[in-house]
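Novice: Sequence and predicted structure below; questions after.
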Amino acid sequence: MHSKNIHYTKNAIEALDRVKRLLLINAVSGIKSANLIGSISAKGITNLAVFNSVFHLGSNPPLQAFILRPTGEVPRHTYENLLHNKQYTINHIHEGMIERAHYTSAKFDDSTSEFNACAFEEEYIEGFEAPFVAESNLKLGMEFKEAIPIKANKTIMVIGEIQHVLVSKEVFSAEDDIDLAAINEVGISGLNTYYGLHKLARFPYARANEVPNFTKKK
């Protein structure tokens, strides 16, 4: 093992202070996407919450999923709302939204809209009840499909199908790729550290007979 490594065993991880353990384990998976999930309650109160666990699940049908922490710990307004009307939105966070987006994670009561508390503008499209974040440059209108309990830690994987994609014109590159750097997208590491993105490279679709002749560095 390289001498500069710090080695945490399972026992050492479990012995860490709760906050230190949360920060470490949330960070070791690398930089994750930063999104605001928007929803609306049965009483018509809008809700907005920052999530770093949204991920692609499939393209046909177009599915996205996110992980919800155990529902027994604190009220999960997002989950309650999407179960109510089966609709929610996923809104990418850009650099101009970071601070306000972060504070949507505060534990507001269900009579308070994070849109109002954190100064975000609600945006709606015809025939879709859940609110989008007007300030976001890339946003998805989702239809709830299923919730899968994860026995290992009592979290829930929430799966939704994309019904609408609202995207800024600036997001498309000359090759028609989605260029997240062009709209100043950000990512999250740990619980509260945000990173900017920039494009490093673009490669063709990988085929076995076209792999370059790589050599290992000594």
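Specialist: Yep, that arrived. Residues are numbered from 1 along each chain as shown.
Novice: how far is the helix or strand of the chain with the lowest mean pLDDT from where the chain is centred?
Specialist: Ranked by mean pLDDT, DSSP states H and E, the helix or strand of the chain with the weakest confidence is helix 18-27, at a mean of 83. Helix 18-27 sits 18 Å away from the centroid of its parent chain (CA atoms, centre = their mean, to the nearest Å).
Novice: If we go by neighbour counts, what in that helix is buried?
Specialist: Using 16 or more other CB atoms under 10 Å as the test for burial, helix 18-27 gives 23, 26. (Each C-beta comes from the backbone N, C-alpha and C, glycine too.)
Novice: pLDDT of the helix or strand just after it, averaged?
Specialist: For helix 18-27, the following helix or strand on the C-terminal side (DSSP states H and E) is strand 32-33. Per-residue pLDDT over strand 32-33 has a mean of 92.
Novice: just stretch 211-218 next, same as before
Specialist: Rounded mean pLDDT across stretch 211-218 is 86.
Novice: Can you tell me the element residue 89 falls in?
Specialist: Residue 89 belongs to strand 87-92, assigned by DSSP H and E.
Novice: what separates the helix or strand just after that strand from the chain centre, distance-wise?
Specialist: Counting by DSSP H and E, the next helix or strand C-terminal to strand 87-92 is helix 98-102. With CA atoms, centre = their mean as the basis, helix 98-102 stands 13 Å off its chain's centre.
Novice: which residues touch helix 98-102?
Specialist: Under the criterion CB atoms under 8 Å, 6 or more residues apart in numbering, residues 34, 36, 50, 93, 118, 119, 120, 186, 192, 194 lie in contact with helix 98-102.
Novice: Residues in contact with the next helix or strand after it: which ones?
Specialist: The first helix or strand that comes after helix 98-102 along the chain, using DSSP H and E, is helix 114-117. Residues outside helix 114-117 that contact it (CB under 8 Å, 6+ apart) are 38, 46-49, 103-104, 106, 108, 120-122, 131, 133.
Novice: mind listing what's buried in helix 114-117?
Specialist: Here helix 114-117 shows 114, 115 as buried, counting by 16+ other CB under 10 Å.
Novice: Go through the contacts of helix 98-102 and say which is closest to residue 82.
Specialist: Proximity of these to residue 82 (CB to CB) peaks at residue 36, which lies at 14.0 Å.
Novice: Quick check: can you name the pairing partners of the helix or strand hosting that closest one and their directions?
Specialist: Using DSSP H and E, residue 36 falls within strand 35-40. Its sheet considered, strand 35-40 pairs with strand 46-51 (antiparallel), strand 87-92 (antiparallel) by DSSP bridges.
Novice: Residue 164 in helix, strand or coil?
Specialist: strand (DSSP: H, G, I helix; E, B strand; the rest coil).
Novice: List the residues that contact residue 49.
Specialist: Residue 49 touches 36, 37, 77, 78, 104, 105, 114, counting by CB under 8 Å, 6+ apart.
Novice: distance of it from residue 94?
Specialist: To residue 94, residue 49 is 17 Å away according to CB to CB, to the nearest Å.
Novice: So the residue nearest to residue 42 when sequence neighbours are not counted versus residue 108, what's the distance?
Specialist: Using CB to CB, 6 or more residues apart in numbering and skipping the chain neighbours, the partner closest in space to residue 42 is residue 84 (5.0 Å). Using CB to CB, residue 84 is found at 18 Å from residue 108.
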